[in-house]
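Undergrad: Predicted structure and sequence below. I'll ask about it afterward.
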Amino acid sequence: GFYMSVKSKLFPVIFFILTGLSSVSFYSCGSSSVTNVNDYTVSEVISAINSNSRKLNSLKGEGVISIDSPEMSNSGSFTLSIVKPDSLYIKLEGPFGVSIAAILLTRDKFTYYNIQDNKVIIAPSTAANIKAVMRLKLSLDDFLEGFTASYSFADTSSQNYSLSPKGDNLLLVQKTADETKFFTIHPMKKYVIQYKVTDRDGKEKMIVEYENYSEENGYYFPNKIKISRTASSEYVFLDYSSKELNKGYLGYKIKYPKSAKVIEW
């Protein structure tokens, strides 16, 4: 199945949702190829992906998360709110509805509330600070794109891209000075099936896989997401049970009691 079994123990208190991701299995395509890749151009594919991304402005979702890593193996539920292009809120619950943690991440700062320990961390949204709390060095854009499959391309210079068939799908490759990005794309509907990043030496850094797409007012949204980090043998699955798209401003504020210990970095 899409998910691996997980041990039935509570989330470690200090854990945050993106504490580590890993690769267990990869999306596989059939042996057949796209009829004629020459029917598609880089600019047309990029334009279609950007157009689909612009259709999503906000998301409110709920579902189940499963995590496995060398340090833990657990599952629980989540409530998520995303407001493009600059905010993400998520709250985690363990078994029996026990609240574990909440985090609000914006361009300028993040607030992390460890509910069980009654501790709050407030800090600038630098990569180092985010990694210290979340145990994962990702930007806000990585979160927004990864949880919604909403990718955008600002640079459409053809010299940075290549397009080729991958089974029945298209493979769009984007090269930068530091890494290479691989997008497996549905040829007709132009949504992303898999996103993979490698470093300049070709070593895999991250894979994001999407399944069970549904159409919501013209926007294609994946209801199952797997984010993986092969090198550290860590992974996380998201399975949306409900979602609301483009319902206006869905921002949250993290509320915590006066008794909470507040740490500012």
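TA: Nice, I can see it. Predicted model, so just to flag it, every value in this text is computed and none were measured.
Undergrad: Going by C-alpha atoms from here, please, whenever you check contacts or count neighbours.
TA: Noted.
Undergrad: Can you give me the neighbour number for Gly167?
TA: Neighbour count for Gly167, taken as other CA atoms under 10 Å: 16.
Undergrad: Asn38 now?
TA: 11.
Undergrad: where does it land on pLDDT?
TA: For Asn38, the pLDDT comes out at 70.
Undergrad: Confirm it sits in a helix?
TA: Yes: under DSSP: H, G, I helix; E, B strand; the rest coil, Asn38 sits within a helix.
Undergrad: what residue ranges in the stretch 1-150 of the chain score low on pLDDT?
TA: 1-37, 71-72, 95-98, 134-138 (pLDDT under 70).
Undergrad: hey, where'd the helices end up in it?
TA: 42-54, 127-134, 140-148 (DSSP state H, counting those that start in this stretch).
Undergrad: export those to JSON lines and tack on distance to Lys60 and mean neighbour count?
TA: Converted to JSON lines, those look like this (distance: least, CA to CA, whole Å; neighbours: other CA atoms under 10 Å):
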{"stretch": "helix 42-54", "distance to Lys60": "16", "mean neighbour count": "17"}
{"stretch": "helix 127-134", "distance to Lys60": "21", "mean neighbour count": "16"}
{"stretch": "helix 140-148", "distance to Lys60": "11", "mean neighbour count": "18"}
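Undergrad: These: which one's closest to Gly61?
TA: helix 140-148 (10.1 Å; CA to CA).
Undergrad: Show me the contact partners of the closest one.
TA: 82, 84-88, 105-107, 150-151, 208, 221-222, 225, 227 (CA atoms under 8 Å, 6 or more residues apart in numbering).
Undergrad: For the residues you listed, which two are the farthest from each other?
TA: Of all pairs in those, the most separated under CA to CA is Arg107 and Pro222 at 25.0 Å.
Undergrad: For the two, indicate the residue with more neighbours.
TA: Pro222 (22 against 15).
Undergrad: Sketch out the strands for the chain, chain order is fine.
TA: For the chain, applying DSSP state E gives strands covering 58-68, 73-83, 87-93, 99-106, 109-114, 119-124, 161-166, 169-175, 179-185, 192-199, 204-216, 219-229, 234-245, 261-264.
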